[in-house]
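Visitor: I would like to see how this sequence folds:
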Amino acid sequence: MCFVYREVRPMKRFFIVLVLLCLSFTGIKAQILYCMSYADFQEGNWTELDTLKMKGRGQNHRIKTENDSLDKVLKDEAFAVSYHDTLFVNKAHMYYNGERFGKGYAPAYIYGRGQICFVSSLPRDNGASGVPAVISFGVMFGAIGAGLMAGAYEASLKEYYCFLVKREYEGGRKEARMIDDKFMEKYEESSPEFYAEYMSVKKQRKREAASHVLPLLKEWQLIQ
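Guide: Have a look, this model is predicted:
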């Protein structure tokens with residue numbers, strides 16, 4: 001596997017996270033879509049929405065339309081939403097190590113060959129952070145951008161991690177896996193420079209945090 005490497009100083013990582021979580025809102029395309037399952041996502045089976053409003057903090061967006069029945073579907077059953085070319089994955093029925101994440105949509109990216117990478121706190125910590133949902137960046141980026149900026153700020157506190165959707169079972173239950181030390185071991189031989197940069201952070205908790213992992217994945221063009 002070949003990567004294009006660009007050196008980025010650690011002190012700049014926080015700002016990279018901010019850009020990653022907000023940059024896609026600069027696009028002009030305004031199509032709003034949703035899909036009902038991971039299989040639908042992989043096969044490109046999307047349904048278009050006329051209107052959509054999103055509220056909440058960076059990792060727990062709530063979605064509303066002008067239809068109460070559709071709102072319930074989006075809240076409890078839908079798998080993902082594509083909003084202005086930005087992907088959000090529904091954490092409802094999503095589990096990690098047997099624990100449920102809780103409800104809400106998290107910003108997501110395409111990892112590798114079609115896997116979904118999203119940022120969230122650990123399930124047991126979900127919603128425990130005291131960081132406000134909207135911070136001063138809202139004036140510049142609007143409500144959605146501000147919510148994501150808040151999520152980036154929370155990620156900078158190293159309480160948030162990057163996860164991949166691992167599989168979806170019949171009935172809608174989904175399992176996620178963390179992009180952690182064990183996951184990164186597969187790059188030790190195939191991409192030693194990438195692995196070395198990941199391992200350059202000495203403490204495991206900081207090394208596995210989204211504030212370290214997310215910019216690294218972007219630098220090496222592993223997410224889009």
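
Visitor: Was I right to think Tyr96 contacts Pro123?
Guide: Yes: look at Tyr96 against Pro123 with CB atoms under 8 Å: they come within range, at 5.6 Å. Any C-beta I mention is one placed from the backbone N, CA and C, and that applies to glycine too.

Visitor: Name the residues that touch the lengthiest strand in the chain?
Guide: Criterion DSSP state E: the longest strand present in the chain is strand 160-168. The contact list for strand 160-168 (CB atoms under 8 Å, 6 or more residues apart in numbering) reads 37-39, 59, 79, 89, 94, 96, 111, 115-122, 151, 154, 174-180, 183, 208-211, 213-214, 217.

Visitor: Mind checking which of those residues are buried?
Guide: For those, a burial check counting by 16 or more other CB atoms under 10 Å picks out 37-38, 59, 79, 89, 94, 96, 111, 116-122, 151, 154, 174-176, 178-179, 208-211, 213-214, 217.

Visitor: Give me the residues contacting stretch 103-115.
Guide: By CB under 8 Å, 6+ apart, the residues outside stretch 103-115 that reach it are 21, 42, 54, 56, 58-63, 75-76, 80-81, 86-92, 116-120, 148, 151, 164-165, 217, 222-224.

Visitor: rerun at 7 Å
Guide: Contact with stretch 103-115 is made by 21, 42, 56, 58-63, 75, 81, 86-92, 116-120, 148, 151, 164-165, 222-224, as judged by CB atoms under 7 Å, 6 or more residues apart in numbering.

Visitor: Alright, I will stop here.
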